[in-house]
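Trainee: My questions concern the predicted model and sequence given below.
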Amino acid sequence: MTKKTVNSDVLLANIIKGIEEVKGNDIDILDLRAIDTAVCDYFIICNGSSNTQVNAIVNSIQKLVSKELKDKPWHVEGTDNAEWVLMDYVNIVVHVFQKQIREFYNIEGLWGDAKITTIQNKY
């Protein structure tokens with residue numbers, strides 16, 4: 001049985017919607033397609049204000065993507081302490097941070113060659 005492929009743009013839109021539904025903050029999309037050594041096409045980075053909100057964002061994304069696209073992440077890690085949760089959808093990797101942890105690791109700075117698109121909060 002082969003796994004059906006989900007259009008990256010549709011998956012991207014659903015992940016963003018999942019983040020916004022629980023008021024995730026500071027959403028950035030890093031387009032890594034032009035970087036030869038990139039492990040995926042996109043990083044989506046956002047943050048929550050507590051471990052409860054970080055887990056709520058992760059659950060919202062999983063529920064929405066599952067319902068709309070019948071897809072699930074290949075791998076999820078970090079939900080135990082919910083300071084930095086990584087969700088791997090193969091072509092798109094989602095990083096959900098607590099704000100201070102995001103500032104410390106500075107993923108955007110590490111991938112400085114990527115084209116960054118910031119999504120404005122609707123709330």
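Mentor: The structure has been received and is ready for your questions. This one's a predicted model, so the numbers in the text were calculated from it and none came from an experiment.

Trainee: just so I have it, where are all the strands in the protein?
Mentor: For the chain, strands defined by DSSP state E occupy the ranges 25-31, 42-48, 75-77, 84-88, 92-98, 115-119.

Trainee: Determine which of these approaches Gly18 most closely.
Mentor: Closest approach to Gly18 among those (C-beta to C-beta): strand 92-98, 9.0 Å. (Each C-beta comes from the backbone N, C-alpha and C, glycine too.)

Trainee: Return the set of buried residues in the longest helix anywhere in the chain.
Mentor: Under DSSP state H, the helix in the chain containing the largest number of residues is helix 51-69. Neighbour counts over helix 51-69 (16 or more other C-beta atoms under 10 Å) mark Gln53, Val54, Asn55, Ala56, Ile57, Val58, Ser60, Ile61, Gln62, Leu64, Val65, Leu69 as buried.

Trainee: Spatially central residue for the chain, please.
Mentor: In the chain, the centroid-proximal residue (C-alpha atoms, centre = their mean) is Val94; its distance is 2.2 Å.
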